[in-house]
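# A predicted structure for the sequence below; I have some questions about it.
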Amino acid sequence: MKQPEIVILPDPVALAEAAGRRFVAAAAEAIAACGQFNVALAGGSTPAGLYRRLAQRPYVEQVDWPRVFVYFGDERCVPADHPDSNYRMARETLLDHVPLPPANVFRIVGELPPHEAADLYAHIVRADLGRYSFRPRFDLILLGMGDDGHTASLFPGTVGLTERWRLAVSTEVPAYVRPAVARVTLTLRALNAAARVMFLVAGAAKAETVRAVLTGPEPAEPLPARRVRLRNGRLVWLLDEAAAAGLRSGT
Ligand code: 6PG
């Protein structure tokens, strides 16, 4: 397994800038190769800086948006206009501000019963991305990481980590997680088949977990974010200095 590329940026603004450049490059490469760019967006707060940046010059002019197809790495089981909706966050920061046809956006239907939402989403992902190969392959998946090492909605000890076949599952969340609502998430199978995965992680609160995920011998129970390892893809971690502190100090 290839080692991930680790890029350390001074602060969250520089992290969003670097992520924007890489997003543009990934989109151009995929569109040149097969006429479209299938990307799964991350939820949470860190990616919002990237999404706002992509909606501004020069990036907004450098992406062939009508050829971009937007999916989601995970979603909270709430309606699309709920303050906790990852889709709502992406719509407000990016989707409403770029010339992307609404038909190109495949949100997870959080208002359905969670298992139905997961089955519907897995069907859509397989139908769209599995057209050309048995293994559906996103061109790019954006991910964040919680300080417990979760990514998407793959929390320690939950079903998405052990699912071998389905591309998306519904999952309850551990008691400490907020918002305390069920989730739908892509599984490790879907994540690890991607052509590129880009983690966006910022803040001192993540530093110890970043160190645990990116350094040291393989533990018996690796944290979820450590289990994102691409078979034939490019994995990059974009970190700000605060989140990377544990890598530098060797603590
Ligand atoms: C979500 C995200 C989740 C997020 C991490 C980090 O639905 O909240 O999928 O995995 O990426 O919790 O969130 P922050 O970027 O807000 O720290």
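That came in fine, so what should we check first? Predicted, not measured: the structure shown is a model, and the values here were computed from it.
# going forward, measure contacts and count neighbours with C-alpha atoms only.
Will do.
# residues in contact with the residue of the stretch 151-251 of the chain found nearest the ligand?
Closest residue of the stretch 151-251 of the chain to the ligand, Cα to the nearest ligand atom: A152 (3.6 Å). Each residue near A152 by Cα atoms under 8 Å, 6 or more residues apart in numbering is listed here: A42, G43, G73, D74, L143, G144, M145, T185, L186.
# near the ligand too, which of these?
Subset of the contacts of A152 in contact with the ligand: A42, G43, D74, L143, G144, M145, counting by Cα under 6 Å from any ligand atom.
# for those residues, work out which two are farthest apart.
With distance counted by Cα to Cα, no two of the ones next to the ligand among the contacts of A152 lie farther apart than D74 and M145, which are 12.4 Å apart.
# among those two, which residue is more densely surrounded?
Applying other Cα atoms under 10 Å to D74 and M145 shows that D74 carries more neighbours, namely 31 against 23.
# any buried residues in stretch 199-212, and which?
With burial defined by 16 or more other Cα atoms under 10 Å, the residues of stretch 199-212 counted as buried are 199-204, 206-212.
# need the next SSE after the lengthiest helix in the chain, C-terminal direction.
If you go by DSSP state H, the chain has its longest helix at helix 12-34. Downstream of helix 12-34, the next assigned helix or strand under DSSP states H and E is strand 37-41.
# who in the stretch 1-150 of the chain is up against the ligand?
So the stretch 1-150 of the chain meets the ligand at A42, G43, G44, S45, T46, D74, E75, L143, G144, M145, G146 (Cα under 6 Å from any ligand atom).
# is the residue lying closest to Q3 once chain neighbours are set aside in a helix, a strand, or coil?
Sequence neighbours aside, L235 is the residue nearest to Q3 in space, at 7.9 Å (criterion: Cα to Cα, 6 or more residues apart in numbering). Using DSSP: H, G, I helix; E, B strand; the rest coil, the structure places L235 in strand.
# what's the neighbour count on A25?
14.
# could I get the average pLDDT for stretch 164-179?
When pLDDT is averaged over stretch 164-179, the result is 95.
# just how off-centre is that stretch within its chain?
Stretch 164-179 has its C-alpha centroid displaced from the chain centroid by 14 Å (Cα atoms, centre = their mean, to the nearest Å).
# got the end-to-end distance for stretch 46-61?
23 Å (Cα to Cα, to the nearest Å).
# hmm, back to that, next one, pLDDT for the residue of the stretch 151-251 of the chain closest to the ligand please.
For A152, the predicted pLDDT is 98.
# next, it: phi, psi?
Dihedral pair for A152: phi 50, psi -130, per degrees, to the nearest 10.
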